[in-house]
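S.K.: I need the structure of the sequence given here:
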Amino acid sequence: MAFSELLDQVGGLGRFQVLQMVALVVPIIWLTTQSMMENFSAAVPSHRCWVPLLDNGTAQAGVPGALDPKDLLTVSIPPGPNREPHQCRRFRQPQWQLLDPNATAANWSEAATEPCVDGWVYDRSTFTSTIVAKWDLVCDSHALKPMAQSIYLSGILVGAAVFGQASDRWLAESARWLLITGKLERGLRELQKVAAINGKRAVRDTLTTEVLVSAMQEELSAGQATASPGALLCTPGLGLRTCVSTLCWFAFGFTFYGLALDLQTLGSDIFLLQVLIGVVDIPAKIGTLLLLSRLGRRPTQAASLVLAGLCILTNTLVPQDMGALRSALAVLGLSGLGAAFTCVSIYTGELFPTVLRMTAVGLGQMAARAGAILGPLVRLLGAYGRSLPLLVYGAVPVLSGLAALLLPETGSLPLPDTIQDVQNQAVKKATHRPPGHTVLKSTHF
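M.R.: Residues are numbered from 1 along each chain as shown. Modelled structure (predicted):
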């Protein structure tokens, strides 16, 4: 009898597992909500420079004749790159000649303009108050917004490291890990707790240290060897798994938080876009679980990342005025990233032996947080090309998805308990060759 049989006896899926899942899901929901709130609390409203003719009643009274606000805007604010009023420049003096129907761009020069030295006027019809409007995080200060988001995400990384130990007080430790690492008494108590909560009191009373030793003699003897975190990179068979799975974690955090914290760049109506992302995300994750069991771990991981990346790259080719298509591609891309997260969370746990499983998962989560910290900063590349950030956001998951094809398939395979189990799986894969292949041996005399 192995651990899987012991788990079946105490309840492999019962009240205990449901409570554990709720204890994890509830904080994650609040964290996600807090992060996505950035799209509204840090939204960038339409803005222009403050100018006396438009925003000072005394100055308007001195204007000869009756001019409507559109004409006053024409003589006060130069046109921007998209022919709309410039958001960061104003005329030093009113350019009355621009009211001439025959006026052209040659009637004024860049030297006639200046920055918004008196501040900005914001359109508050959609967002009545945002930190961007409150602190003027626009024009020369626009880089402060993604920097603030990166600092916020850095705080989450630090908080996870600091308070991760505190979470062990109310989340049960893995009984499998405790037993494999030789902590029999603690592992026994955890199994007894699971049996009691799942209503298997008769099984709980029969569980003793002797029963565990007898049932898991082979696994316990193989698991006594300690495994350091360095084994993830130095052990043959684990190094590639570590690098590729960590890259998949990084790609998710990098691209998801880079895009999800600034939905304004993906569609015209961020309220509708936010609702669509939430509606599509749930069936996408459920569909991912079905694909994992039917299609396999490796194809699902690769397909979800590549699909997300291709959707983002396609958005660079879609004109800004095609808001519906841009929003659809954005929703599909972010759903692909959500599916990739679901897959990598399960896949990573199956790639590594019990003695190193939580270390590998923790390393992957740190990579995702590091990617999340870097993600918002990539938007600063927009100063060199409007589509450049999307190109980076799309390329990273595509390359990571292709790299995932290097990983072994773990579907329908037992979880490895030791490093030797991982190496044995690799040996079995190498020896099980498809029929029809002839292996030639050469003997040296």
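S.K.: the helix ranked longest in the chain packs against which elements?
M.R.: Longest helix in the chain by number of residues, with DSSP state H as the criterion: helix 323-351. When contacts are defined as 3 or more CB pairs under 8 Å, 6 or more residues apart in numbering; DSSP states H and E, helix 323-351 packs onto helix 239-260, helix 270-294, helix 297-315, helix 354-374, helix 388-404. The way it works is simple: take the backbone N, C-alpha and C, and place the C-beta from them, glycine included.
S.K.: those helices: which one's closest to residue 154?
M.R.: Of all the helices and strands packed on helix 323-351, helix 354-374 sits nearest to residue 154, with 5.3 Å by CB to CB.
S.K.: and the closest one, what does it pack against?
M.R.: On a contact count with 3+ CB pairs under 8 Å, 6+ apart, helix 354-374 meets helix 144-167, helix 175-180, helix 231-234, helix 239-260, helix 323-351.
S.K.: what comes up buried for that helix?
M.R.: Neighbour-count burial for helix 354-374 flags 354-357, 359-361, 363-374 (criterion: 16 or more other CB atoms under 10 Å).
S.K.: again, but for stretch 11-26
M.R.: Result for stretch 11-26 [16+ other CB under 10 Å]: buried residues 11, 16.
S.K.: what's the average pLDDT for it?
M.R.: The average pLDDT for stretch 11-26 rounds to 82.
S.K.: do you know how far the residue most central in space within the chain is from residue 147?
M.R.: In the chain, the centroid-proximal residue (CA atoms, centre = their mean) is residue 253; its distance is 3.1 Å. Going from residue 253 to residue 147 by CB to CB, to the nearest Å gives 17 Å.
S.K.: again with residue 174
M.R.: Using CB to CB, residue 174 is found at 38 Å from residue 147.
S.K.: residue 355 too?
M.R.: When distance is defined by CB to CB, residue 355 is 40 Å away from residue 147.
S.K.: in the stretch 51-200 of the chain, which ranges drop under the pLDDT threshold?
M.R.: For the stretch 51-200 of the chain, residues meeting the criterion pLDDT under 70 lie at 57-66, 103-107, 164-168, 170, 172-173.
S.K.: now do the helices in it.
M.R.: 52-55, 57-61, 69-76, 131-135, 144-167, 175-180, 184-197 (DSSP state H, counting those that start in this stretch).
S.K.: where does the stretch 251-400 of the chain have low pLDDT?
M.R.: 267-268.
S.K.: again, only this time at 80
M.R.: For the stretch 251-400 of the chain, the stretches flagged by pLDDT under 80 are 266-268, 320-321, 323, 355.
S.K.: now do the same contact list for residue 280.
M.R.: By CB atoms under 8 Å, 6 or more residues apart in numbering, residue 280 lies in contact with 331-332, 335.
S.K.: rewinding a little: turn the helices and strands packed on helix 354-374 into JSON lines, including distance to residue 8.
M.R.: Output for these, formatted as JSON lines (distance: least, CB to CB, whole Å):
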{"stretch": "helix 144-167", "distance to residue 8": "27"}
{"stretch": "helix 175-180", "distance to residue 8": "13"}
{"stretch": "helix 231-234", "distance to residue 8": "30"}
{"stretch": "helix 239-260", "distance to residue 8": "28"}
{"stretch": "helix 323-351", "distance to residue 8": "19"}
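S.K.: many thanks, have a good one.
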